[in-house]
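In: Whatever this is, show me its structure:
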Amino acid sequence: MKKIFIPLAAFLISVSAFAQSKVGTIDSDLVISSLNEVTQVQKDLEAYGADLDKQFKELVTKYQSAVTAYQSAEATATEEDKKAKQEEIVGMEEDIQRFRQNSQGLIQIKQNELMQPLYQKVGQALDAVAKEQKYSQVLTLNSGVAYFDPALDLTEAVAKKLGVTLKTE
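Out: Here you go, the predicted structure:
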């Protein structure tokens with residue numbers, strides 16, 4: 001009898017613990033893309049990108065001017081002057097290349113900086129909804145959930161908590 005009681009007790013305890021666990025899901029990308037602030041983030045990011053483009057064009061213009069000046073003065077310049085101008089032009093080419101490489105990273109950093117308050121806002125609303133509805137776990141749909149019960153999807157509840165109308169995809 002003892003042999004049957006111990007596994008049965010363990011089973012009942014695990015079922016009891018499982019029954020108290022409530023798992024929900026959220027499509028956080030959908031909620032974030034539905035926030036009104038996203039429009040401003042996109043505008044700010046576009047403005048930042050336009051500023052980087054302007055800086056890049058200025059570098060290219062200076063480079064082209066230096067090349068043109070070198071070509072027009074090449075015939076009369078001394079070897080020492082030619083070498084100095086060539087080194088200057090090569091340095092400008094390297095600056096342009098570095099700027100090109102760094103600008104993508106700078107845009108990503110700026111996007112993360114601008115989006116961080118939105119992630120925090122959704123996170124706080126999710127925390128409140130999960131506590132109100134007594135969820136023990138909430139999974140995001142973006143991280144590869146294979147199956148979920150739509151009745152456990154908190155996306156609409158979080159959007160409602162934020163006063164946001166979800167955009168249909």
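In: what about the residue nearest the centre of the chain, which helix or strand?
Out: When CA atoms, centre = their mean is applied to the chain, the residue found nearest the centroid is N112 (4.9 Å). Assessed by DSSP states H and E, N112 sits inside helix 79-132.
In: So which elements touch the next helix or strand after that helix?
Out: Per DSSP H and E, the first helix or strand lying C-terminal to helix 79-132 is strand 137-140. For strand 137-140, the packing partners by 3 or more CB pairs under 8 Å, 6 or more residues apart in numbering; DSSP states H and E come out as strand 23-26. (C-beta placed from N, C-alpha, C; glycine too.)
In: roughly how far is the strand it packs on from the heart of the chain?
Out: Distance of strand 23-26 from its chain centroid, counting by CA atoms, centre = their mean, to the nearest Å, is 21 Å.
In: repeat for stretch 46-54
Out: With CA atoms, centre = their mean, you get 18 Å for stretch 46-54.
In: next one: stretch 73-80
Out: Worked out by CA atoms, centre = their mean, stretch 73-80 lies 51 Å from the chain centre.
In: Figure out the length between the terminal residues of that stretch.
Out: 13 Å (CA to CA, to the nearest Å).
In: average pLDDT across that stretch?
Out: Stretch 73-80 shows a mean pLDDT of 87 in the predicted model.
In: that older thread, pLDDT score assigned to the residue nearest to the centre of the chain?
Out: For N112, pLDDT reads 95.
In: Quickly note the distance from it to F99.
Out: 20 Å (CB to CB, to the nearest Å).
In: next one: L59
Out: 6 Å.
In: what sits against V67?
Out: With contact taken as CB atoms under 8 Å, 6 or more residues apart in numbering, V67 is in contact with I89.
In: The strand or helix carrying it vs helix 79-132, what angle?
Out: In the assignment (DSSP H and E), V67 maps to helix 37-73. Put simply, helix 37-73 runs at 170 degrees to helix 79-132, going by axes from the mean of the first three to the mean of the last three CA atoms, to 10 degrees.
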